[in-house]
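Student: Sequence and computational prediction follow.
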Amino acid sequence: MTLNPSTVAIILAIALAASPVQNHHKSKSTQPPITEPDLVFAGEIERGKTYIHDIGHDLEFRLDVASEGAFAGWDISIVPKTQPSDGPIEFSAIATPPYHNFNERYIETIYNFTPQEILAMSPRRFNFVLSVDDEHCAEEVVNAMLYPNSVSDDDKQRIEMSSANIQLGTGELSIGKSRVTSLKDPLYPGSIEYLKFDVKLKFPPGLTMAQVLAPGETPSK
């Protein structure tokens, strides 16, 4: 079977996105900046707390306490204001590769990053779907591209076409003032106690799920 060039590009992009983190001092995003945002706001947060901001479109921007615990930091999230009855859902993780390594949504001391290295990674850029249905479709696309051998040729073609129809929003978080507290323990590098930040958001049309998975096709903003 011969794959068309678009499908090959998507598979290669995901394979590269899943490669191990090599540079623990990377401080600049690889995604293009948002030059004409639809929404701009500022916020601040203290360790162990959650930040929530209504961004319209029946969505909320959140900084959620990391699953690793309050001392680790936060995760950037975009969620519906009303969660579906079948369980909570989040809209940015599925649209912001890499999927199995550190990415820009994590403002937390994981993968052996120190608080100082985490804070130096600014701005943080991320993408998000706009609805529950789009999240489910995007999940199907990502799973099909990550595990192509389990998908029929007809389904691959259908999924590839649907990926071009999933419109995404984009976000940019810039870190301002911060405060780090040392735990005075060589096994723990300390924690981010306080964070001040600015957020820019851009809503569709523009970026699609297909362009996220094949970055060379993403238009300039």
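Tutor: That came in fine, so what should we check first?
Student: Quick check: neighbours of the strand or helix carrying Ile192 in the sheet, parallel or antiparallel?
Tutor: Element membership for Ile192 (DSSP states H and E) is strand 191-208. Within its sheet, strand 191-208 is paired with strand 39-46 (antiparallel), strand 167-181 (antiparallel), according to DSSP bridges.
Student: If we go by neighbour counts, what in the first one is buried?
Tutor: Going back to what we said before, that points to strand 39-46. Leu39, Gly43, Ile45 (16 or more other CB atoms under 10 Å). To be clear about C-beta, it is placed using only N, CA and C from the backbone, and glycine gets the same treatment.
Student: same question, the last one
Tutor: Neighbour-count burial for strand 167-181, counted by 16+ other CB under 10 Å, picks out Gln167, Leu168, Gly169, Thr170, Gly171, Glu172, Leu173, Ile175, Ser178, Val180.
Student: Extract the C-alpha set from that strand and format it as PDB.
Tutor: This file holds the C-alpha atoms of strand 167-181, laid out as PDB (Å, rounded to 0.1, in the frame of the first residue of the first chain):
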ATOM      1  CA  GLN A 167     -11.000  24.200  13.500                       C
ATOM      2  CA  LEU A 168      -8.700  25.100  16.400                       C
ATOM      3  CA  GLY A 169      -8.200  28.100  18.700                       C
ATOM      4  CA  THR A 170      -4.700  29.000  19.700                       C
ATOM      5  CA  GLY A 171      -3.300  30.400  22.900                       C
ATOM      6  CA  GLU A 172      -0.200  32.100  24.300                       C
ATOM      7  CA  LEU A 173       0.800  32.400  27.900                       C
ATOM      8  CA  SER A 174       3.600  34.700  28.800                       C
ATOM      9  CA  ILE A 175       5.200  34.500  32.300                       C
ATOM     10  CA  GLY A 176       5.900  37.700  34.100                       C
ATOM     11  CA  LYS A 177       6.800  38.000  37.800                       C
ATOM     12  CA  SER A 178       7.300  34.800  39.800                       C
ATOM     13  CA  ARG A 179       8.600  33.500  43.100                       C
ATOM     14  CA  VAL A 180      10.400  30.300  43.700                       C
ATOM     15  CA  THR A 181      10.800  28.800  47.200                       C
END
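Student: quick one on the thing from earlier: redo the strands paired with strand 191-208 as TSV? Include distance to Val65 and mean pLDDT.
Tutor: Formatted as TSV, those follow (distance: least, CB to CB, whole Å; pLDDT from 0 to 100):
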stretch	distance to Val65	mean pLDDT
strand 39-46	10	98
strand 167-181	16	96
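Student: Out of these, which is closest to Asp54?
Tutor: strand 39-46 (9.6 Å; CB to CB).
Student: Paired strands for the very next helix or strand once past that closest one, with orientation please.
Tutor: Counting by DSSP H and E, the next helix or strand C-terminal to strand 39-46 is strand 51-56. Strand pairing for strand 51-56, using DSSP bridges, gives strand 59-65 (antiparallel).
Student: For the partner strand, buried residues please.
Tutor: Per 16+ other CB under 10 Å, strand 59-65 contains these buried residues: Leu59, Glu60, Phe61, Arg62, Leu63, Val65.
Student: go on, stretch 134-153?
Tutor: In stretch 134-153, counting by 16+ other CB under 10 Å, buried: Asp134, Glu135, Cys137, Ala138, Glu140, Val141, Val142, Ala144, Met145, Val151.
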